[in-house]
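Enquirer: Any chance you could fold what I've pasted below:
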Amino acid sequence: QSNKEKLLMLSLSKDEKWCIGTIHKGFKLWHVGGKRVKTMILPSSVRNVNKKFGVSNCLILSAGDKYAVAGIRKELYIWSMETEVLSKILNAHFQRIIDVCSLVYGKENCIITSSIDRSIKVWNLNYIFEEDHHIDKHELTIDSISISTEAGIAVTVTRSCVGVWDFRTGKLKFTLANTALGAIVTHAVVSNNGDHVAAAESGEILYWNLNSQSIIFREKLPGINQIELNESQDKCLIGSAVGSSGNFTGKVTIKTFPGGENLIDVEYPFRKFLNVLLTSDESSLVCCGVEKTKTHLFVFSITDGSLVHKILLKYSGLKEITKMVALPDKPGLIGLIDSEKGNIMDIVTKKFLKSIPSWDGSSTSDGKYGLYAPPSGGMDILDLRSGSVIRTLIPKIAEGIFDVIATFNQTNEYVLYYHSGRKTIRVFRRKDGTQIANYRVSADLKCLETTRDGRSLVLGMGDGAITTLTIADPDKSDTKDYLKSLPSRNGENEDTRGRETYLQNGNLYPNPYDYSIYTDYLKVLHTVIP
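Expert: Predicted structure coming up:
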């Protein structure tokens with residue numbers, strides 16, 4: 001039969017009964033008998049394109065030629081062959097689908113999809129129209145996460161927006177962006193009470209009121225590299241950079257939060273930006289920069305922004321500084337972390353004190369213990385006072401170089417370890433070194449935070465979703481009671497708690513959580529609502 005559409009690709013169905021042509025707007029199917037023609041049209045915002053010459057998206061037919069399925073972008077499109085109507089669109093992967101193959105033979109009625117997200121999925125077409133349960137997620141990767149345990153919310157940063165989640169239920173409550181299109185969000189941090197968020201978007205610093213979802217303060221401030229709130233949550237530190245390569249100037253601004261009044265502004269020259277540091281007593285601001293090509297520490301007063309000290313770094317084994325950390329128990333001391341060790345510096349007397357081999361900068365809140373977790377594998381707990389290894393949690397095994405996240409939870413009871421090769425999070429009890437959990441994540445882990453009570457972890461994933469895990473320590477007597485109180489265990493959420501019993505036509509309206517099988521709930525529901 002004649003065809004006026006431009007064909008991007010031609011193929012045969014698996015049983016060779018249909019010739020399938022891929023066109024820009026969808027697909028055309030010709031029966032080999034020559035008597036039937038089917039046209040499957042895509043939504044107006046979706047089009048087929050050539051991947052290379054003669055190759056485009058393919059269409060797969062189910063058993064008995066009942067459905068036609070295509071994988072385009074990240075979705076599966078399903079048409080009814082009888083009516084030629086687009087019946088369903090499924091979010092199949094969180095990155096682009098590479099290929100779709102048929103697995104229709106014998107009693108099997110499946111298709112296989114592969115994606116750039118490094119996953120292969122098998123879809124049973126017999127159940128493709130069953131009710132699906134939506135998992136909230138961003139369209140883009142989560143870059144960082146900040147949580148408020150008091151309010152039960154997590155604030156996530158993706159390139160296009162700030163997301164506000166209920167981390168106990170996993171629901172995305174709303175997103176924030178000053179510009180609907182073209183927003184570039186780089187940083188966000190939420191206050192402990194969960195009322196306000198400070199964010200960097202498209203060269204501006206923004207303060208958001210979460211109750212009204214409105215901006216209460218904004219100021220132009222290009223090149224923001226760091227946003228941090230102090231311990232009392234009344235000041236916001238903003239680190240930014242201006243200038244060109246080789247002639248950078250770091251600018252640190254401290255404003256009231258959430259008022260936005262300017263307190264101090266300081267500037268210093270640098271070669272490579274490192275996050276500036278507030279000492280543990282919040283009396284000084286420490287910046288790592290250069291002067292006359294040599295690395296210096298610039299120490300400013302937090303009261304008036306005056307330069308207190310300029311310290312030239314010179315000690316045995318000096319290497320490029322990768323991170324600065326404050327020592328919680330000693331306000332005058334800071335840690336300068338390089339690729340091999342941690343170096344303790346006294347910024348009051350301007351003296352180098354000692355080096356701690358292998359320390360990566362993480363420490364308990366009392367400053368007694370640290371961690372050594374190199375990318376090549378293994379993890380040790382260090383005594384930061386003596387510099388010795390107290391306990392080896394993971395022995396050193398040659399597995400290659402991978403991204404590693406190692407940290408203590410906020411109550412210092414557990415050590416958390418993520419390995420990007422294994423894609424697992426392991427939890428160890430700090431006191432005895434016992435591993436109590438080994439959880440495999442569903443996608444690449446980009447960031448993690450722990451709640452202030454130390455019971456839960458909130459993970460920011462590469463697929464744009466968050467995952468909340470609870471540490472179930474069998475040695476704790478209250479673990480079972482805490483697990484019973486979780487929304488995922490008792491079937492409750494904040495929207496339904498305290499709601500009065502609802503009657504429909506004089507009959508008690510059924511609760512779906514009372515039924516383990518969803519079809520049983522539907523049967524009871526039909527008796528209430530004929």
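
Enquirer: pLDDT weak spots in this protein?
Expert: The model of the chain has pLDDT under 70 over residues 1-2, 132, 245-246, 491-522, 525-530.

Enquirer: Nearest to the spatial middle of it, which residue is it?
Expert: By Cα atoms, centre = their mean, the mean C-alpha position of the chain lies nearest to G460, the distance being 2.1 Å.

Enquirer: Checking that one next. Helix, strand or coil?
Expert: With DSSP: H, G, I helix; E, B strand; the rest coil as the basis, G460 sits in strand.

Enquirer: measure it to N57 for me?
Expert: As for G460, its distance to N57 is 31 Å (criterion: Cβ to Cβ, to the nearest Å). Where you see a C-beta, it was placed from the backbone N, CA and C, and this is true even at glycine.

Enquirer: Confirm that Y482 sits in a helix.
Expert: Yes - counting by three-state DSSP, Y482 is located in a helix.

Enquirer: In contact with it, which residues?
Expert: Contact analysis of Y482 by Cβ atoms under 8 Å, 6 or more residues apart in numbering lists 455, 470.

Enquirer: about what we covered before: please verify my assumption that the residue nearest to the centre of the chain contacts I466.
Expert: Yes - if you go by Cβ atoms under 8 Å, G460 and I466 touch, sitting 6.0 Å apart.

Enquirer: between the two, what contacts are shared?
Expert: Common neighbours of G460 and I466, using Cβ under 8 Å, 6+ apart, are 142, 145, 156.

Enquirer: Mind putting the residues you listed into CSV with secondary structure?
Expert: As requested, those are exported to CSV (three-state DSSP):
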residue, secondary structure
I142, coil
I145, strand
T156, strand
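
Enquirer: Report the buried members of these.
Expert: 142, 145, 156 (16 or more other Cβ atoms under 10 Å).

Enquirer: Now that the second one has come up, it's in contact with V155, right?
Expert: Spelled out, that is I145. Yes - I145 lies in contact with V155 (Cβ under 8 Å); the separation is 7.1 Å.

Enquirer: you'd agree G305 is up against E267?
Expert: No - between G305 and E267 there is no contact under Cβ under 8 Å: 9.7 Å.

Enquirer: quick one on the thing from earlier: closest to N3 out of the shared contacts of G460 and I466?
Expert: Using Cβ to Cβ, I142 comes nearest to N3 of these, at 45.5 Å.

Enquirer: What sits closest to the residue nearest to the centre of the chain if chain neighbours are left out?
Expert: Distances taken as Cβ to Cβ, 6 or more residues apart in numbering place I142 nearest to G460, at 3.6 Å, with adjacent residues excluded.

Enquirer: cool, and S115?
Expert: Nearest to S115 is H93, by Cβ to Cβ, 6+ apart, at 3.8 Å.

Enquirer: likewise C236?
Expert: Per Cβ to Cβ, 6+ apart, closest to C236 is F257, 4.2 Å.

Enquirer: can you pull the contacts of the one you found?
Expert: 191, 196, 198, 207, 229, 233-236.

Enquirer: Could I get those in TSV, plus columns for neighbour count?
Expert: Putting the contacts of F257 into TSV (neighbours: other Cβ atoms under 10 Å) gives the following:
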residue	neighbour count
S191	22
H196	21
A198	26
Y207	22
L229	19
Q233	14
D234	12
K235	19
C236	25
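
Enquirer: Quick check: of those residues, which lies closest to A70?
Expert: Nearest member of the contacts of F257 to A70, counting by Cβ to Cβ, is A198, at 44.1 Å.

Enquirer: check contacts around that closest one.
Expert: Listed by Cβ under 8 Å, 6+ apart, the contact partners of A198 are 188-189, 205-208, 227, 229, 236, 257-258.

Enquirer: again with R73
Expert: Contacts of R73 by Cβ under 8 Å, 6+ apart are 46, 96-97.

Enquirer: Specify which member of the residues you listed is nearest to E219.
Expert: For these, the closest approach to E219 (Cβ to Cβ) belongs to R96, at 38.1 Å.

Enquirer: ok, that closest one to F27 distance?
Expert: R96 sits 19 Å away from F27, going by Cβ to Cβ.

Enquirer: Ok, Q410 next?
Expert: Between Q410 and F27 the computed distance is 54 Å (Cβ to Cβ).

Enquirer: Those two: who's more crowded?
Expert: Between Q410 and F27, counted using other Cβ atoms under 10 Å, the more crowded position is F27 (25 against 17).

Enquirer: which residues does the more buried one contact?
Expert: By Cβ under 8 Å, 6+ apart, the contact set of F27 is 20-21, 39-40, 48, 59, 68, 70.

Enquirer: Narrow those residues to just the buried residues.
Expert: For the contacts of F27, a burial check counting by 16+ other Cβ under 10 Å picks out 20-21, 40, 48, 59, 68, 70.

Enquirer: how about a markdown table for those, with secondary structure and distance to D366 added?
Expert: Output for the buried ones among the contacts of F27, formatted as a markdown table (DSSP: H, G, I helix; E, B strand; the rest coil; distance: Cβ to Cβ, whole Å):
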| residue | secondary structure | distance to D366 |
| --- | --- | --- |
| I20 | strand | 67 |
| G21 | strand | 70 |
| M40 | strand | 65 |
| N48 | coil | 61 |
| L59 | strand | 63 |
| A68 | strand | 63 |
| A70 | strand | 58 |
